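Asker: my questions are about this predicted structure, shown below with the sequence.
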Amino acid sequence: MVNTPLETSGKSPVESSDAAWVAIPSPLPVSRMTGLCRDVEAIFRVNPYWYFENWAQTGPATYHAEFENQSIPLRVTIDFDVTPGPGQGYTVNYRQGIKKRTVFTIEPFAHGSRLTITDDYECPPDPERSGRIQEVDRSLSAWGEALRRYFIRYRRWSWVPGWRWYMHRLWLPMKPSARRIVWLLYLISLVEFLFFVFVALIWWLEHRL
């Protein structure tokens, strides 16, 4: 299983004078990773700081989204299109905001693949960019870590009947805070079940002896 730390330093993966990026290792092969990443809505919704209010596909490759970015915090309304490349990845081109584009690069990596997400802020002139510094998204590293866990879970559990339906119809549409609450409830239920099994085992041993 690929479980190495995220990469956030080194040379920029794209040609830009103002970019931030995160590289995400995954146990999935490139072909599987490419298929998963084509679901743009799912990839965006995994971000633990983005609380979506509206998501709509407005054309074959165009989208409209409204969400609160709690890493800043700021309410964001964006329209964007998705174009193929580089390679098997794709590029999200924004029509509003300080961010010019987000580039998703997919490549082979040890025992699987690697997804690199690059936020490019090169578009606005320097004076305007410095005056809008509060709009710079601070959730990139957390998004990368959330995606890394998402890919690991997909590889581990996607064979289970109903798992994919649950993830896409129930888990992804939840707000990030609701997902954390659901996960906590799962853990509590598991602990209660194990405690019940333990008590039942003690009762069985006592009556057997």
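Answerer: Right, received. Where do you want to start?
Asker: report the buried residues of the helix or strand harbouring residue 103.
Answerer: Assigned by DSSP states H and E, residue 103 belongs to strand 101-109. The neighbour-count check on strand 101-109 (16 or more other CB atoms under 10 Å) flags 101, 102, 103, 104, 105, 106, 107, 109 as buried. Every residue, glycine included, has its C-beta placed from N, CA and C.
Asker: with distance to residue 22 and pLDDT as extra columns, can I get these in JSON lines?
Answerer: Formatted as JSON lines, the buried residues of strand 101-109 follow (distance: CB to CB, whole Å; pLDDT from 0 to 100):
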{"residue": "101", "distance to residue 22": "15", "pLDDT": "95"}
{"residue": "102", "distance to residue 22": "11", "pLDDT": "96"}
{"residue": "103", "distance to residue 22": "12", "pLDDT": "96"}
{"residue": "104", "distance to residue 22": "11", "pLDDT": "97"}
{"residue": "105", "distance to residue 22": "11", "pLDDT": "95"}
{"residue": "106", "distance to residue 22": "14", "pLDDT": "96"}
{"residue": "107", "distance to residue 22": "14", "pLDDT": "94"}
{"residue": "109", "distance to residue 22": "14", "pLDDT": "91"}
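Asker: packing partners of the strand holding residue 103?
Answerer: When contacts are defined as 3 or more CB pairs under 8 Å, 6 or more residues apart in numbering; DSSP states H and E, strand 101-109 sits against helix 30-37, strand 90-94, strand 112-120.
Asker: out of those, deepest packed?
Answerer: Counting by mean count of other CB atoms under 10 Å, strand 112-120 has the highest mean neighbour count of those, with a mean of 22.
Asker: strands of this protein, start to end?
Answerer: Secondary structure of the chain by DSSP state E: the strands cover 19-26, 50-57, 62-69, 74-84, 90-94, 101-109, 112-120.
Asker: tell me which of those strands sits nearest to residue 171.
Answerer: Proximity to residue 171 (CB to CB) singles out strand 50-57 among the strands of the chain, at 13.3 Å.
Asker: output the strand holding residue 103 as CSV, restricted to C-alpha atoms.
Answerer: C-alpha atoms of strand 101-109 as CSV (Å, rounded to 0.1, in the frame of the first residue of the first chain):
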residue,chain,number,x,y,z
ARG,A,101,-6.6,27.5,-12.9
THR,A,102,-6.2,24.2,-11.1
VAL,A,103,-4.2,21.6,-12.9
PHE,A,104,-4.6,17.9,-12.1
THR,A,105,-1.6,15.8,-13.2
ILE,A,106,-1.7,12.0,-13.1
GLU,A,107,1.4,9.8,-13.5
PRO,A,108,2.7,6.4,-12.5
PHE,A,109,4.3,6.2,-9.1
